[in-house]
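J.: what follows is a predicted structure for the sequence shown.
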Amino acid sequence: MPVEHTVQDIGITELADRFGTPLYVYDGNGLRDRITTVRERLHPRLEVFFSLKSNPNIAVCALLHAHGARAEVSSMTELATARRAGVAPHDIIFLGPGKSRTELAACLDEGVAVIICESFGELELIDRLARERSVTARVALRVNPEFAVKGSGLTMGGKPRQFGIDEAQLRDPSARELLCGLTNVAVMGVQVYMGTRILSEDAVAENTRRILDLAEGLSAELDFPLDLVDVGGGLGVAYFENEKDLDFDRLAELVNPPLDAFARRHPATRMVMELGRYLTAPFGTYTTRVRYVKTSMGENFAVADGGTNHHMAAVGIGSFVKRNFPMKVLNRLDEPATGDWNITGPLCTPNDTLGKKVPLPDVRPGDLIGVECSGAYGPSASPVLFLSHGHPAEVLVLDGEAHLVRDRDRPDDLLRNQRLPGPALLNRTGSAAG
Ligand SMILES: *Cc1c(COP(=O)(O)O)cnc(C)c1O
């Protein structure tokens, strides 16, 4: 019997047969252990907010929430997802550079913990909406800081950005006047997000220290209370061969002292960290079934039933050179690699390449190819509607039981929102406009 990939003792062949492919499989025990460990190691006053952007599946959100995660959301649907997953408004923050009037109104009506405001224009709109409702809006300012700290896959600070308000603009006397003119906004916090895919413990600690300092400075200068400070997050995971996972014990050792000093100075301030990828990425496997194998000009191709339409990140992230995610033939783990394989999907574009020249055992039709470390920025960050294939199925395995947590899209699901104009219109000939 060949050795196959298992999730909590359930074989991948069984999962693929039962739920079909292409399929995302999430290891629920892994997710649970991760949030638990993060909460145990980091300062007890630090609240972990799960960024739904990284994996908006409602079951994933509910599971993380059941083990202590709160929610960071950026759209109406993410807000509804968090609420239906059981997260109380008090434990939800709403963030994003282009919030609509409807989204802001929903934040006020639901009573989320805080709206993270990203511009002066937004501040005025929040004020107006709160006045119409005779409520006071709780707002934290997202700051685009002057400083940047090296070590992030995508740096945010110290650059022109559409995110947040420039630190210099907040330090200008006019900002104070503007804040004083707001009647229904209570500015009561600061948020800074320094970037994503940070794999340096020192960079995380340095970011945290500087953000806490900045928050204290701005609250003193602009004279607002610090009810909430959000130090961002952006903790990365190792995807590629030259990368190394964060040493979380060391990270905690470096980050906890500044958090503790701040906590003592501000006994009532909510301290927030936002985590997406770090909570979810390692615990998802994208599973596709090989339909055809072929060679072209001396290279091997395995054409699978799912590709970059469900996993755009596999094309390459943060790099112009294609680097492969960890990939395996899941149903024959024990066989050594014998050749290099291009793993492609069903799209009619050469870009639909999940893996380029991946060393694998001899691939055969029917094999299950797994792209590992795929629990974050999977289908939701992919062109799932390309060629109208739709969203793949998602399965959550928890304590040895597999649960379908999202059905794959079927043609009717995708056609439901399209409208066919009447035949009289379609059959018209020539130009009727003149
Ligand atoms: C995307 C994003 C996150 C989540 O990022 P990860 O790298 O997945 O942890 C958190 N906060 C903000 C402001 C973001 O834009």
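T.: Here it is on my side, so go on.

J.: tally of neighbours for Gly217?
T.: Using other C-beta atoms under 10 Å, the number of residues around Gly217 comes to 14. Just so you know, the C-beta spots here come from the backbone N, C-alpha and C atoms, and that holds for glycine as well.

J.: separation between it and Val149?
T.: Note on Gly217: its distance to Val149, by C-beta to C-beta, to the nearest Å, is 17 Å.

J.: thought Ser374 was touching His310?
T.: No - Ser374 lies out of contact with His310 (C-beta atoms under 8 Å); the separation is 9.2 Å.

J.: joint contacts of those two?
T.: By the contact definition C-beta atoms under 8 Å, 6 or more residues apart in numbering, Ser374 and His310 are jointly contacted by 24, 286.

J.: now the helices for the chain?
T.: Shown for the chain, the helices assigned by DSSP state H span residues 12-19, 28-41, 58-66, 76-84, 101-110, 120-133, 167-171, 173-180, 201-222, 248-265, 277-280, 411-415, 423-426.

J.: pick the most buried one from these.
T.: Comparing those by mean neighbour count (mean count of other C-beta atoms under 10 Å), helix 277-280 comes out on top with a mean of 27.

J.: list of residues touching that one?
T.: 26, 31, 34-35, 38, 48, 50, 54-55, 60, 64, 69, 196-197, 233, 235-237, 246, 375-377.

J.: check whether that helix contacts the ligand.
T.: Yes - for helix 277-280 and the ligand, the contact criterion (C-beta under 6 Å from any ligand atom) is met by 277-278.

J.: same question for that helix, mean pLDDT?
T.: For helix 277-280, the mean pLDDT works out to 98.

J.: now that helix - C-alpha only, PDB.
T.: The C-alpha coordinates for helix 277-280 follow below in PDB (Å, rounded to 0.1, in the frame of the first residue of the first chain):
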ATOM      1  CA  ARG A 277      -1.800  34.400   7.300                       C
ATOM      2  CA  TYR A 278      -0.100  33.400  10.500                       C
ATOM      3  CA  LEU A 279      -3.200  31.800  11.900                       C
ATOM      4  CA  THR A 280      -4.400  30.000   8.800                       C
END
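
J.: quick one: Thr13 from His5, how far?
T.: 9 Å.

J.: so what sits against both of the two?
T.: Joint contacts of Thr13 and His5 (C-beta under 8 Å, 6+ apart) are 331, 368.

J.: distance of the spatially closest residue to Asp202 that is not a sequence neighbour relative to Leu42?
T.: Once flanking residues are discounted, Asp202 sits nearest to Leu254: 6.6 Å by C-beta to C-beta, 6 or more residues apart in numbering. With distances taken as C-beta to C-beta, Leu254 is found 11 Å from Leu42.

J.: equivalent analysis for Arg128, please.
T.: Counting by C-beta to C-beta - Arg128 and Leu42 are separated by 38 Å.

J.: which residues does the residue of the stretch 151-300 of the chain found nearest the ligand contact?
T.: Residue of the stretch 151-300 of the chain nearest the ligand, by C-beta to the nearest ligand atom: Gly276 (2.6 Å). If you count contacts by C-beta under 8 Å, 6+ apart, Gly276 has them with 50-55, 72, 233, 376.
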